[in-house]
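Engineer: here is a sequence with its predicted model. Questions after.
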Amino acid sequence: MNVARLAAVDAAQAARVLREVREATLAGRRARIAPRPVIEQSWGRMLRRGLDPERDRRSGLLPSEEVRRRREESPLRHVLPVLRQGLLSVADVAQHIMVVADADGRVLWREGTPPVLRKADGLGFELGADWREDVVGTNGVGTPAVVRRPVQVFAAEHFVRSQLSWTCSGAPVSDPRDGRLLGVVDVSGPLETMHPATLAWVDSVAKLAEARLRELHLSSLERLRTVAAPVLARLSGPAVAVDRDGWAAAVTGMPYVRRVTLPGTLAPGHRWLASLGWCAVEPLAGGWLLRVAAEPVATAARRIVLDLARPERGTVTVTDATGSWSRELSPRHAELLFLLAEHRPGRGAAALAEDLFGDPSRTVTVRAEMSRIRRYLGGLLQHRPYRFCGDTEVEVILPDNPLVLLPHSTAPAVARKRNAARDDRALAP
C-alpha cells in the first residue's frame, strides 16, 4: 500500500485503513494489508520492550535551564538558519510545525503556527519533551533516530493510540565528520494537512544542514591551519595540530592522520594519547599542538566500558591513567564490539562474518569495519584474530530487558543471545 498516495487522495480513508491494520497487527491477527516494514519493525521493538499501545506515555519535561544548556552545546544550533529557511515557511502554510530534537530525543526547538503548536501541546510534543521511540512509541523523531534514515509516520502507524490523529516526517542529522547522530529534524501536523512530498522535502533540508556543518568544519580547520603552519615550520620532530575534537589541521615529520582520539579533558603538559603515545600538549587558538615525544610508554591499567543499555545508541568509554574518553557507536560497530566482548580469546574475520550475516564469506565488509574501529581504539584492539588487548579490562552494560539488546540488529549471533534470554525468562519461576 502506498500510504502517502492514499492519504493525499483521501486522508479519512487512509486513516481508517491504517487503523484497521494497527488494530489487527497489535492484536496478533493477520491484517488485510501488511504494515510497512519500517513500521512493523518499530512496533515489534515496542512490543518486545513491553510498551502499552493504549497508554499515553510521557516523560517529564526538561527544565528551561537544561534546554538552554543543550541548545548551547548542540552543533545543530549552527544550522538553525538552514532549517528555518528550508522548512518553516512551507510548514506554516501547510499547518505543520518544525521540531528539532537532539540525539537523546529531547525537543530543543519547536516553531510553527499557534493553532498547531497548541495541538502539539496536547500530545506532549513540547520543548524539553522526550520523544525517543522506546519512551513514546513509533514516531517521527524517535524512529528515525533508531533506524538512522528518514521516516514518515502516518496516523495509525503511530504505536500509541493518543497520537493517531497526527502525522510526522523526520530525518536524522548526522555529524559529517564521523557519522555520529546529532539529532532529528521533524515536520509534524494533523493527518489531513499531510503532503506526499513532505518526507523527501524534510530529508533534503536535513542533508543541506549536514553540508553546512561540513563547510563550517573545513573552515575552522583552515583557520587552525593558518595559525599552526608557522609553528610547525619551526619544529624538527613529529607534531600535529588538531582542533578541540582531535581533527587534524596540519602535520609535520609524520604520516598524515585524519583524527587523534583525545581524552574527555585535555590540559597542557606531558600526556599519553592512545594513537600517538607520549606527547607534549600545547594550546593553539582553536585547538592543540601535539608534539610526539620519544619517551617510552608507561604501562597503565586500561578499562573499556561498552554501554548498550540504551537501545537507540551505544557508546564505548576508555579509561586509563591519563583520563577517559567516550565515543558514540554506529549500530554496526556496537554489534562488532559486543561480539568481541562475548569472545575474549578473539574472532577471525570469517567467524565475525558468520556472526553478523550468517555468511562467512563476507570478510571484506568485516575487515573494513574493524579497520574503522581500530582508528579510534588503536592498540586496545588487536587482530589475527580480532580481540581486545589481554591487559585491558572490558565491561559490557546490557539493557535491563535483555530482549531489547541491540534492537536494530539482525545479526544471527545477537538474535541467539536474545532468544537465550527469552528462554531463560520462560523457565524462570
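Structural biologist: Noted; the coordinates are in hand.

Engineer: what is the neighbour count of the nearest residue to residue 183 once chain neighbours are set aside?
Structural biologist: Counting by Cβ to Cβ, 6 or more residues apart in numbering, residue 102 is the residue found nearest to residue 183 once chain neighbours are left out, at 4.6 Å. Using the backbone N, CA and C atoms, a C-beta is placed for each residue, glycine as well. When neighbours are counted by other Cβ atoms under 10 Å, residue 102 registers 22.

Engineer: which residues touch residue 102?
Structural biologist: By Cβ atoms under 8 Å, 6 or more residues apart in numbering, the contact set of residue 102 is 70, 74, 76, 108, 182, 183.

Engineer: can you report phi and psi for it?
Structural biologist: Per-residue torsions, residue 102: phi -90, psi -180 (degrees, to the nearest 10).

Engineer: per-residue confidence for it?
Structural biologist: Looking at residue 102, its pLDDT stands at 95.

Engineer: one more: residue 37?
Structural biologist: Residue 37 is assigned 91 on the pLDDT scale.

Engineer: how near is it to residue 334?
Structural biologist: 22 Å (Cβ to Cβ, to the nearest Å).

Engineer: those two - which one has more neighbours?
Structural biologist: residue 334 (22 against 8).

Engineer: helix or strand for the more buried one, just tell me which one.
Structural biologist: Assessed by DSSP states H and E, residue 334 sits inside helix 331-342.

Engineer: which residues touch that helix?
Structural biologist: Contacts for helix 331-342 (Cβ under 8 Å, 6+ apart): 148, 306, 308, 314, 316, 329, 346-347, 352, 355-356, 366, 369-370, 372-373, 381, 386-388, 394, 396, 406, 408-409, 411, 413-414, 417.

Engineer: dump the contacts of residue 102 to CSV, plus neighbour count.
Structural biologist: Converted to CSV, these look like this (neighbours: other Cβ atoms under 10 Å):
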residue, neighbour count
70, 18
74, 20
76, 24
108, 21
182, 22
183, 27
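
Engineer: among those, name the ones in strands.
Structural biologist: Mapping these onto strands (DSSP state E) picks out 108, 182, 183.

Engineer: which strands and helices lie in contact with the lengthiest helix in the chain?
Structural biologist: Counting by DSSP state H, the longest helix found in the chain is helix 198-233. Applying 3 or more Cβ pairs under 8 Å, 6 or more residues apart in numbering; DSSP states H and E, one finds that helix 198-233 makes contact with helix 80-83, strand 151-154, strand 166-174, strand 181-190, strand 239-243, strand 248-252, strand 277-284, strand 287-292.

Engineer: contacts only, for residue 59.
Structural biologist: Going by Cβ under 8 Å, 6+ apart, residue 59 touches 129, 130, 135.

Engineer: for these, pick the one with the most neighbours.
Structural biologist: residue 129 leads these on contacts (other Cβ under 10 Å) with 24 neighbours.

Engineer: ok, that one - contacts?
Structural biologist: With Cβ under 8 Å, 6+ apart, residue 129 has these contacts: 58, 59, 61, 106, 107.

Engineer: list buried residues within the residues you listed.
Structural biologist: In those, burial by neighbour count holds for 58, 61, 106, 107, counting by 16 or more other Cβ atoms under 10 Å.

Engineer: re the thing from before, output the next helix or strand after the helix holding residue 334 as PDB, restricted to C-alpha atoms.
Structural biologist: Moving toward the C-terminus from helix 331-342, the next helix or strand (DSSP H and E) is helix 349-357. C-alpha atoms of helix 349-357 as PDB (Å, rounded to 0.1, in the frame of the first residue of the first chain):
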ATOM      1  CA  ALA A 349      37.100 -12.200  10.000                       C
ATOM      2  CA  ALA A 350      35.200 -15.300   8.800                       C
ATOM      3  CA  ALA A 351      33.800 -16.100  12.200                       C
ATOM      4  CA  LEU A 352      32.600 -12.500  12.600                       C
ATOM      5  CA  ALA A 353      31.000 -12.500   9.200                       C
ATOM      6  CA  GLU A 354      29.200 -15.700  10.200                       C
ATOM      7  CA  ASP A 355      28.100 -14.000  13.400                       C
ATOM      8  CA  LEU A 356      26.900 -10.800  11.700                       C
ATOM      9  CA  PHE A 357      25.500 -12.100   8.400                       C
END
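
Engineer: pick out whichever of the contacts of residue 59 sits closest to residue 195.
Structural biologist: residue 129 (25.0 Å; Cβ to Cβ).

Engineer: how close does that closest one get to residue 139?
Structural biologist: For residue 129 relative to residue 139 (Cβ to Cβ), the value is 11 Å.

Engineer: now residue 169
Structural biologist: Counting by Cβ to Cβ, the gap from residue 169 to residue 139 is 11 Å.

Engineer: neighbour count winner among the two?
Structural biologist: residue 139 (30 against 27).

Engineer: so that one is in contact with residue 158, correct?
Structural biologist: Yes. Checked against Cβ atoms under 8 Å, the pair residue 139 and residue 158 is within contact range at 6.1 Å.

Engineer: what's the end-to-end length of stretch 402-418?
Structural biologist: End-to-end distance of stretch 402-418 (Cα to Cα, to the nearest Å): 6 Å.

Engineer: actually stretch 270-283, not the one I typed
Structural biologist: 12 Å.

Engineer: would you mark the buried spots in it?
Structural biologist: 271, 272, 273, 274, 275, 276, 277, 278, 279, 280, 281.

Engineer: mind giving me CSV with those and columns for pLDDT?
Structural biologist: Shown next, in CSV, are those (pLDDT from 0 to 100):
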residue, pLDDT
271, 81
272, 81
273, 84
274, 77
275, 80
276, 87
277, 84
278, 85
279, 88
280, 88
281, 89
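
Engineer: confirm that residue 19 sits in a strand.
Structural biologist: No. Residue 19: not assigned to a strand; according to DSSP: H, G, I helix; E, B strand; the rest coil it is helix.

Engineer: can you pull out the helices in the stretch 1-150 of the chain?
Structural biologist: 3-9, 11-26, 37-49, 64-73, 80-83, 89-93, 114-122, 133-136, 142-147 (DSSP state H, counting those that start in this stretch).
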